[in-house]
Every structure is written in structure tokens, then in C-alpha cells.
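J.: What would the 3D arrangement of this be:
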Amino acid sequence: MEIRIGVQHVSRELTLEVDMPADAVASTVAKALGGATLDLTDTRGRRVVVPSAAIGYVEMGEETKRRVGFEA
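T.: Modelled structure (predicted):
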């Protein structure tokens, strides 16, 4: 699942690909908005930590990857 995180006062957004279901990501974001930090690890093992006060928005993409190519 692709996740985009907008950080306040930063023109670029953070984009991650994670192996978590949408409900788990939403729960993690909700906990972070309660005062903790948003701590996620992407599929490549990179860890991203964002302070909750700096989170502008979190956009979650589709859980399943779209198929590429033609179907016979």
C-alpha cells in the first residue's frame, strides 16, 4: 500500500510503500495524532519517523496493486 504524508512547512511529501493493511495504518496514524510520533517502516526496511505536530495530512492508496498489461 502506498502512503503519502504531508509535512507542515515542507513543500515535498513523503511517499512510502508499506506491507500493512489499511486499518493498521489508520490506527498507527490515529495514535500519532494523539501526541506520539508517526513511526512507519517501508517495504525496503527504511524507517520514517514524523513528529505528530508536523503532520499535515496522510493519504493512503489502494491495498492491492493494479495489474499492468493486457488480459487475454
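
J.: from here on, contacts and neighbour counts on C-alpha atoms
T.: Noted.

J.: pretty sure T43 is in contact with I3, am I right?
T.: No - look at T43 against I3 with CA atoms under 8 Å: they stay out of range, at 11.6 Å.

J.: Need the overlap of contacts for those two.
T.: 17-18 (CA atoms under 8 Å, 6 or more residues apart in numbering).

J.: Which one's more surrounded, those two?
T.: I3 (18 against 13; other CA atoms under 10 Å).

J.: Look up which residues are beta-bridged to the more buried one.
T.: When assigned by DSSP bridges, I3 has beta-bridge partners L16, M60.

J.: Now do the same contact list for it.
T.: 15-18, 58-61.

J.: hmm, 6 Å instead?
T.: Counting by CA atoms under 6 Å, 6 or more residues apart in numbering, I3 makes contact with 15-16, 59-60.

J.: Could I have the buried ones of the residues you listed as ChimeraX selection syntax?
T.: Applied in ChimeraX, the following selects the buried portion of the contacts of I3 according to 16 or more other CA atoms under 10 Å:
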select :16,60
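
J.: nearest to S27, of the contacts of I3?
T.: M60 (12.3 Å; CA to CA).

J.: on that earlier part again, ok, so of the contacts of I3, who is nearest G34?
T.: E59 (17.8 Å).

J.: wait, isn't that closest one in contact with R4?
T.: Yes - when contacts are counted by CA atoms under 6 Å, E59 is listed as touching R4 (5.0 Å).

J.: Show residues contacting stretch 45-57.
T.: 5-8, 32-33, 35, 37-41.

J.: Select from those residues every entry located in strands.
T.: The strands, defined by DSSP state E, take in 5-7, 37-41 from the contacts of stretch 45-57.

J.: just curious, which of those residues is nearest to A24?
T.: L40 (10.8 Å).

J.: Show me the beta-bridge partners of the closest one.
T.: With DSSP bridges as the rule, L40 is bridged to V48.

J.: low-confidence ranges in this structure?
T.: 64-67, 71-72 (pLDDT under 70).

J.: one more time with 80, if that's ok
T.: For the chain, the stretches flagged by pLDDT under 80 are 62-72.

J.: count of neighbours near A32?
T.: If we define neighbours as other CA under 10 Å, then A32 has 18 of them.
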